[in-house]
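Asks: quick one: sequence and predicted model below, then my questions.
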Amino acid sequence: MDQPTTVHHESLDPENGNPGKADVERLGRQRPDVLASWAAEVGFVFTVVASLCMSEYFISGFNIVLPAITEALQIPESQRTWPAGVINLTTAALLLPFARLCALYGGRVVFLGGHVWLLVWSIVCGFSRNPIMLIASRAMQGIGASAFLPAGLALLGETYRPGPRKNLVFSLYGAAACVGFYFGIIMGALTGQLADWTVYFWVGSAFVFAVLVTGFFAIPRHLHHEGAGVRMDWWGMCTIVPGLLLVVYALTDGGNAPDGWRTPYIYVTFIVGMLLLCAAVYVEGWVSAQPLLPADLFRAKYMKRVSAFLFCGFGVFSIFLFYASFYIEEVLDTTPLVTAVWFIPLALGGFILAVTGGFVLHRLPGQILLAVSGVGYVLCVLLFPLIPARESSGLSTSHIYWAYIFPSMICGTIGIDITYNVTNIYVTTAMPRRLQATAAGLIVSLGYLGMAFWLGVAELAISTSARSRPDLDLREKYQIGFWTGVGLAGFTLCCAVTVRIGRASAELTADEKYELEREAAQQ
């Protein structure tokens, strides 16, 4: 591989007419200084992308093995959302505090610590003997992911400068999500049908241990972090974290409570959660000297719209993944292995999109890519509720798959993978080094919070409809969930078409742009 080079300050002098264009273009394609050799770079990138792979493993595969777990642990239908969704909830709620810890102690420490925590609780999950133990263990798994996800993304964002090389690395990061996603599905299918469901967690634990050991040796020890002068925002943490937990809990459990939303602990939980979030807005805006969500984070152009797009887009994908798994297995009466095979287009298509994205992101405008992603979201949840009942239509399972499910899987991967690549590169490029960890935490937090929040909303819609119409069958219940996703996907598409992001080409970093502007203002 080529040798790393460094931008000379003179090449960034605005008086040169063309401020370092050749240097910037070259640096956008070359290995960062902090990675001394191609082997060091391969080890570093592998460790970070493999961490995302394992995070996806414990989300996607669990949906496939959940029917077997539900039967083994006798989990009531009203509670089955919790083991699947609680990991997203705890991950989302704690991402911002862990992002601050990245700035305090460095991404390496937080990254490795998160994997140790995930390893311990993944093993505990395998020993679960009742629903409460499983749900608690899954919640603890989410804490580990909330540590290493922003840390890994921040490590990549701080190490690679804007350009084709960064695009390729982030595309590999997105591809790892697809690999972990399908690896989880196939292991969930194999263990759910051919072995004991606990094997799913033993396999995941083994791979987490491998990532932990690799990361210990591959992540450089001298990477930059803020450290001095950075403080934890305890007031923000004590309002944001419980506020998010309580609101999403009320939305998720409101439909299954004894009296629905009239149940006292549901509306009390929701009200207290909203009050805490309102207090968080005040604390972050006027009280905290170093807020977890600084205002500078949203000053980049279109940042607010990109945030809304992430929050809603990941919610659409969560609804699609959760209800598609149950629809295929319970309504179409397929085995876990057949379900895993039917998900191949989603994983394979995502891998192809993620890898090719590294070669086209600097050629196509981000606005077009986000619009395509939005259309994919709409179609992936729209096709499932349009599937006719087999009893009345006489359609074969094969016909239903090729006419409805296969294109839905393709559209689902178009939605989520384009979103992942474009938004990750845009946000990490738009932020200065001091906000890289916070920006990484925000990106992942919006995604996971959207997954937990909107899945709870869809479950609430189903539960409310079931109360008014007790004769609803499984197919009709899942259709309500998908139609909820269609409405959310429509809003997501509207957000996408209003975001005018250009090409992800080689350019100055946010810090270099600020330095040039400061020097120009002084002259």
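Replies: Structure's in. What do you need? Numbers count the residues shown, from 1 in each chain.
Asks: domain parsing for the chain?
Replies: 21-233+290-522, 234-289 (automatic domain parsing).
Asks: out of these, which is the most enclosed?
Replies: Using mean count of other C-beta atoms under 10 Å, the stretch among those with the largest mean neighbour count is domain 21-233+290-522, at a mean of 21. To be clear about C-beta, it is placed using only N, CA and C from the backbone, and glycine gets the same treatment.
Asks: circling back: using a markdown table, lay out the domains of the chain together with mean pLDDT.
Replies: Converted to a markdown table, the domains of the chain look like this (pLDDT from 0 to 100):
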| stretch | mean pLDDT |
| --- | --- |
| domain 21-233+290-522 | 85 |
| domain 234-289 | 87 |
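Asks: ok, Ser373 to Val499 distance?
Replies: Computed as C-beta to C-beta, to the nearest Å, the Ser373 to Val499 distance reads 11 Å.
Asks: and what of Ala136?
Replies: 39 Å.
Asks: what's the answer for Gly260, then?
Replies: Where Val499 is concerned, Gly260 sits at a distance of 37 Å (C-beta to C-beta).
Asks: same question, Ala280
Replies: With the distance defined as C-beta to C-beta, Ala280 ends up 26 Å from Val499.
Asks: again, but for Thr191
Replies: Between Thr191 and Val499 the computed distance is 41 Å (C-beta to C-beta).
Asks: just Ile443 next, same as before
Replies: Using C-beta to C-beta, Ile443 is found at 15 Å from Val499.
Asks: repeat for Thr397
Replies: According to C-beta to C-beta, Thr397 stands 40 Å off from Val499.
Asks: same for the lengthiest helix in the chain, what does it pack against?
Replies: Of all segments of type helix in the chain, defined using DSSP state H, the longest is helix 38-73. Contact partners of helix 38-73 among helices and strands, from 3 or more C-beta pairs under 8 Å, 6 or more residues apart in numbering; DSSP states H and E: helix 81-105, helix 107-126, helix 131-159, helix 164-194, helix 198-218, helix 303-326, helix 336-342.
Asks: so which of the ones you listed comes closest to Ser465?
Replies: Taking C-beta to C-beta, helix 303-326 is the member of the helices and strands packed on helix 38-73 nearest to Ser465, at 13.8 Å.
Asks: contacting residues for Cys312?
Replies: Gly450, Trp454, Leu488, Ala489, Phe491, Thr492, Cys495 (C-beta atoms under 8 Å, 6 or more residues apart in numbering).
Asks: the residues you listed in helices, which ones?
Replies: Per DSSP H, the subset of those in helices is Gly450, Trp454, Leu488, Ala489, Phe491, Thr492, Cys495.
Asks: ok, and the closest non-adjacent residue to the second one?
Replies: Of all residues not flanking Trp454 in the chain, Gly315 sits nearest, at 2.8 Å (C-beta to C-beta, 6 or more residues apart in numbering).
Asks: just confirm the one you found contacts Leu488, I think it does.
Replies: Yes: between Gly315 and Leu488 a contact is recorded at 5.7 Å, counting by C-beta atoms under 8 Å.
Asks: shared neighbours, the two?
Replies: In contact with both Gly315 and Leu488: Trp454, using C-beta under 8 Å, 6+ apart.
Asks: what residue is smack in the middle of the protein?
Replies: Nearest to the mean C-alpha position of the chain, counting by C-alpha atoms, centre = their mean, stands Gly447 at 4.4 Å.
Asks: show me what the helix or strand that contains that residue is packed against.
Replies: Assigned by DSSP states H and E, Gly447 belongs to helix 436-468. Packed against helix 436-468, as judged by 3+ C-beta pairs under 8 Å, 6+ apart, are the following elements: helix 81-105, helix 131-159, helix 234-253, helix 303-326, helix 406-430, helix 474-497.
Asks: quick one on the thing from earlier: nearest to Leu348, of the contacts of Cys312?
Replies: Looking across the contacts of Cys312 and measuring by C-beta to C-beta, the closest to Leu348 is Ala489, at 22.4 Å.
Asks: right, and the closest one touches Leu383 too?
Replies: No: Ala489 lies out of contact with Leu383 (C-beta under 8 Å); the separation is 11.5 Å.
Asks: and stretch 151-158, C-alpha only, in CSV?
Replies: The C-alpha trace of stretch 151-158 is given here as CSV (Å, rounded to 0.1, in the frame of the first residue of the first chain):
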residue,chain,number,x,y,z
ALA,A,151,-16.5,4.5,20.1
GLY,A,152,-15.9,2.5,16.9
LEU,A,153,-17.5,5.1,14.7
ALA,A,154,-15.6,7.9,16.4
LEU,A,155,-12.3,6.0,15.9
LEU,A,156,-13.0,5.7,12.2
GLY,A,157,-14.2,9.3,11.9
GLU,A,158,-11.1,10.7,13.7
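Asks: next one: Asn4, what pLDDT does it get?
Replies: For residue 4 the amino acid is Pro, not Asn. Looking at Pro4, its pLDDT is 42.
Asks: just how off-centre is stretch 45-64 within its chain?
Replies: From the chain centre to the centre of stretch 45-64 is a distance of 10 Å (C-alpha atoms, centre = their mean, to the nearest Å).
Asks: thinking again about what came up before, any idea which of the helices and strands packed on helix 38-73 gets closest to Thr356?
Replies: Smallest distance to Thr356 across these (C-beta to C-beta): 7.6 Å, for helix 164-194.
Asks: what angle do that closest one and helix 303-326 make?
Replies: 20 degrees (axes from the mean of the first three to the mean of the last three C-alpha atoms, to 10 degrees).
Asks: okay, the angle between helix 164-194 and helix 406-430?
Replies: 140 degrees.
Asks: give the other helices and strands that helix 164-194 contacts.
Replies: If you count contacts as 3+ C-beta pairs under 8 Å, 6+ apart, helix 164-194 packs onto helix 38-73, helix 131-159, helix 198-218, helix 336-342, helix 344-360, helix 406-430.
Asks: just put these in a markdown table and tack on distance to Ala466.
Replies: Below are the helices and strands packed on helix 164-194 laid out as a markdown table (distance: least, C-beta to C-beta, whole Å):
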| stretch | distance to Ala466 |
| --- | --- |
| helix 38-73 | 18 |
| helix 131-159 | 20 |
| helix 198-218 | 30 |
| helix 336-342 | 24 |
| helix 344-360 | 28 |
| helix 406-430 | 24 |
